[in-house]
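# Compute the structure for the input listed below.
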Amino acid sequence: MVALKNRKKAVLFDLDGTLVDTIRDIAAALNAMLERQGLPAQDLDGVRGMVGWGVRQLVAQAVPGADAETLTALTAEVMEHYARFPVVHSTAYPGIPELLAALRARGIATAVLTNKPHPLALVTVARIFPQHPFELVLGDRPEVPHKPDPAAALEICKALGIEPGEALFVGDSEVDVQTAHNAGMACVGVIWGFRGEAELRRAGAEVLVERAEQILELVAGNS
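Sure, this is the predicted structure:
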């Protein structure tokens, strides 16, 4: 495994596809809207390939050709359903709760940065990880550009009092790799997520891991 260049004081995690397998709940919200509109449903593999850029972009891919007004209305439909049923099937990936506990025991800060709408991000994290106190959880907020823009990642670093180079960004997609690089952070790609190894390699992730405990090995080995 490639060694990290310097000690990391914090780990920033993507949420969907990295910490939590949320694909069935996301697909349910999307397909509820598509069914109401008389449009073909998306299977799980199809939804996996579309998530990562925010709900509006997910809807745009599922309903190609929709104008801006229609897209806004359909996105609101998806959001309404998802807000009602945010954590029905979603579960933490194997080893993630143990990883978070081990990072905390070592004094390494943890935060979540996701393109999931901010209120839903807070609900999901609270329900899936009630025992883990993340220092910060940031979802998509209207006033802040979403990933891969580095603004929110840098906001987290500022709040934690660290330099970007002292943080590790962990994610499962090209969006996360781009975010990390735009913010001046090293990126670890998790191949258990929604995209897989090939995309992460193409995007330029410095390190790829197959198991959650490998992230602890990376960080602990540079502590």
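
# longest strand of the chain?
strand 109-117 (DSSP state E).

# what stretches of the protein score poorly on pLDDT?
1-6, 221-223 (pLDDT under 70).

# could you pull out the strands for it?
Taking DSSP E as the test, the strands found in the chain are 10-13, 20-21, 91-92, 109-117, 136-140, 167-171, 186-190, 207-209.

# Tabulate those strands (JSON lines), appending distance to residue 50 and mean neighbour count.
C-beta here means a position set from N, CA and C on the backbone, and glycine is covered the same way. Below are the strands of the chain laid out as JSON lines (distance: least, CB to CB, whole Å; neighbours: other CB atoms under 10 Å):
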{"stretch": "strand 10-13", "distance to residue 50": "21", "mean neighbour count": "26"}
{"stretch": "strand 20-21", "distance to residue 50": "16", "mean neighbour count": "23"}
{"stretch": "strand 91-92", "distance to residue 50": "21", "mean neighbour count": "14"}
{"stretch": "strand 109-117", "distance to residue 50": "12", "mean neighbour count": "25"}
{"stretch": "strand 136-140", "distance to residue 50": "16", "mean neighbour count": "21"}
{"stretch": "strand 167-171", "distance to residue 50": "16", "mean neighbour count": "28"}
{"stretch": "strand 186-190", "distance to residue 50": "19", "mean neighbour count": "26"}
{"stretch": "strand 207-209", "distance to residue 50": "22", "mean neighbour count": "18"}
